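**Student:** A predicted structure for the sequence below; I have some questions about it.
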Number of protein chains: 2
Amino acid sequence: MAEAGNGVFGGRARSVELLWGRREPPKRGPKPGLSVEVIVRTAIAIADAEGLPAFSMQRVAGEFGFTTMSLYRYVPGKTELIDLMIDTALGPPPDLAEYPDWRTKLEVWAGELHEVYHRHLWVARAVTDDRLMGPNELAWVEAAARALLGTGLTGGETTDAVRVVSSHVRSWAQYSADMAGDAGMTGRQWGAAIAALIEEHSADYPALAEAMRSGAFGPVDGSGPQFGLRCVLDGIGVRIAERRGGSTG
Amino acid sequence: MAEAGNGVFGGRARSVELLWGRREPPKRGPKPGLSVEVIVRTAIAIADAEGLPAFSMQRVAGEFGFTTMSLYRYVPGKTELIDLMIDTALGPPPDLAEYPDWRTKLEVWAGELHEVYHRHLWVARAVTDDRLMGPNELAWVEAAARALLGTGLTGGETTDAVRVVSSHVRSWAQYSADMAGDAGMTGRQWGAAIAALIEEHSADYPALAEAMRSGAFGPVDGSGPQFGLRCVLDGIGVRIAERRGGSTG
DNA sequence: CCTCCTCTGCTTATTACTTAAACTGTATAA
DNA sequence: TTATACAGTTTAAGTAATAAGCAGAGGAGG
């Protein structure tokens, strides 16, 4: 069953085994000096500290004093390792059962996800390319979908809504990291650079120049769920209310 | 002025010159066999046809029958070329003046942006990393910000709203491309793979299994502005109405 | 006209990376 | 004891970015 029909998985068949299969320890031969878990943890630490571009098979192997090729005993390739890193960095989603309504649940969900992206900024970038979801990632989606159960949304609408929220959280995380400049390797002066460009070409960008005068591109106000998230949740609320044919609740 | 203070631009100073400076033809020496414009156009064609990973300096130079290094006479490096590719592929934003209200304007804006991403799928991925915005990209932001002028939103709220919409369009484009599988190089069976995983582990993902039964992860319905976009715009509408202290309009 | 300087386009070489294939040595099962 | 599965290394092939420097074109200054 675990090794069943890889056809649907396209070129990602090797990731399926690692992400979704069980890992049994070998019976014979010398003791492994490493493990998938240790490798993944180390790779994550590197990506956290120096960004995903700094992460390479050489770099990880060097961390153990091993040769690059030794890693290939544990993971089939770099892309598969990244897939594992993403799922491990995400970790399990929060339990939302205790929260009263779908909106509070999604607020908590979004906040926690943002927290993860904040700790592992590279994840926000890495999840945007074509990839197979791991168990943890799918559990996050599941948690958000469960929050929307009973709201009257159809299955397609539910996953659409989850997608809207999660893509917002992703861009929110990237933006706040850029603005805070707490990510070492990224441009810490993003806001200043944009401001300078708009300033210099203010004739071409009047609305932005105006917006800048009333606070745009300034530091992010981290207090509570911010404007964008409220927008997204309000929007979902409108659609739910529509379904119910009643008022917003 | 054009060559003023590169300090704010951090490591992206070389991109500023290319994206925002004027390009004057050289006065002396042999006639250039290439030009920045031709190189960028060719690079875009390659990325369109084969995806961004297939794009390399070698590949582009090979297209002209030149060596890799010849390109470095025109662009300082690969990242700067990608910056140029993005801004060129985006092109100028649509004129939204003729449309009646902010919502229609943003609907058109989002649709056109989606169209661009659809034509150049790699752009949707490329714009997510730390980058300097080019004139066209900033013009898109300007157009959307202008649509929200007079709604009562503050400058910060306006750019937040634009960010929410554009990040949604980005993820929408990636999702619909994955589902349609019209992007050659990406996993065309994304939906099928997810479906298979949820099916197999349906005990762990009951809400998703349920959602799947009522249409989730199926093909995207391309008719009109879809669920996610309506959510986002409704949400912005709620915030605007709040500002105005009146009903949704 | 001649010379020089600049700029183009090319060659060579360096560095960094992924990964295939074959090899060496080890620990366990039979 | 021996066959086998496995760990980690060596070697090497292939791709890619890009630094450094060379050959030659051709306008500018004398």
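**Tutor:** Yep, it's here.

**Student:** for the nearest residue to residue A:90 once chain neighbours are set aside, helix, strand, or coil?
**Tutor:** Among residues not flanking residue A:90 along the chain, residue A:136 sits closest, at 4.6 Å (Cβ to Cβ, 6 or more residues apart in numbering or on different chains). (C-beta placed from N, C-alpha, C; glycine too.) Look at residue A:136: counting by DSSP: H, G, I helix; E, B strand; the rest coil, its state is helix.

**Student:** Quick check: residue A:136 touching residue A:84?
**Tutor:** No. Applying Cβ atoms under 8 Å, one finds residue A:136 not in contact with residue A:84, separated by 10.3 Å.

**Student:** quick one: which of the two has more around it?
**Tutor:** Taking other Cβ atoms under 10 Å in any protein chain shown, residue A:136 and residue A:84 do not tie; residue A:84 has more neighbours (22 against 16).

**Student:** Quick one: residues contacting the residue in chain A that DNA strand D sits nearest to.
**Tutor:** With Cβ to the nearest atom of the strand, the shortest gap between chain A and DNA strand D falls at residue A:33, namely 2.2 Å. Residue A:33 is in contact with A:64, A:66, A:70, counting by Cβ atoms under 8 Å, 6 or more residues apart in numbering or on different chains.

**Student:** shaky segments in chain A?
**Tutor:** Residue ranges of chain A with pLDDT under 70: A:1-7, A:180-189, A:219-225, A:246-249.

**Student:** What is the subsequent helix or strand relative to the helix ranked longest in it?
**Tutor:** Counting by DSSP state H, the longest helix found in chain A is helix A:155-180. Next in sequence after helix A:155-180, counting helices and strands by DSSP states H and E, comes helix A:190-200.

**Student:** Spell out whether that following helix and chain B are in contact.
**Tutor:** Yes. Under the criterion of Cβ under 8 Å from any Cβ of the partner chain, helix A:190-200 makes contact with chain B via A:190, A:192, A:193, A:194, A:195, A:196, A:197, A:198, A:200.

**Student:** Can you flag the buried ones in the residues you listed?
**Tutor:** The neighbour-count test (16 or more other Cβ atoms under 10 Å in any protein chain shown) marks A:190, A:192, A:193, A:194, A:195, A:196, A:197, A:198 as buried among the residues of helix A:190-200 next to chain B.

**Student:** distance of the residue nearest to the spatial centre of chain A from chain B?
**Tutor:** By Cα atoms, centre = their mean, chain A has its centre lying nearest to residue A:124, at 4.2 Å. Using Cβ to the nearest Cβ, to the nearest Å, one gets 8 Å for the distance from residue A:124 to chain B.

**Student:** Let's verify that residue: helix, strand, or coil?
**Tutor:** Using three-state DSSP, the structure places residue A:124 in helix.

**Student:** correct me, but it touches residue A:174?
**Tutor:** Yes. Residue A:124 lies in contact with residue A:174 (Cβ under 8 Å); the separation is 5.3 Å.

**Student:** which residues does residue A:74 contact?
**Tutor:** Counting by Cβ under 8 Å, 6+ apart, residue A:74 has contacts A:32, A:34, A:35, A:36, A:39.

**Student:** Also residue A:100?
**Tutor:** Counting by Cβ under 8 Å, 6+ apart, residue A:100 touches no other residue.
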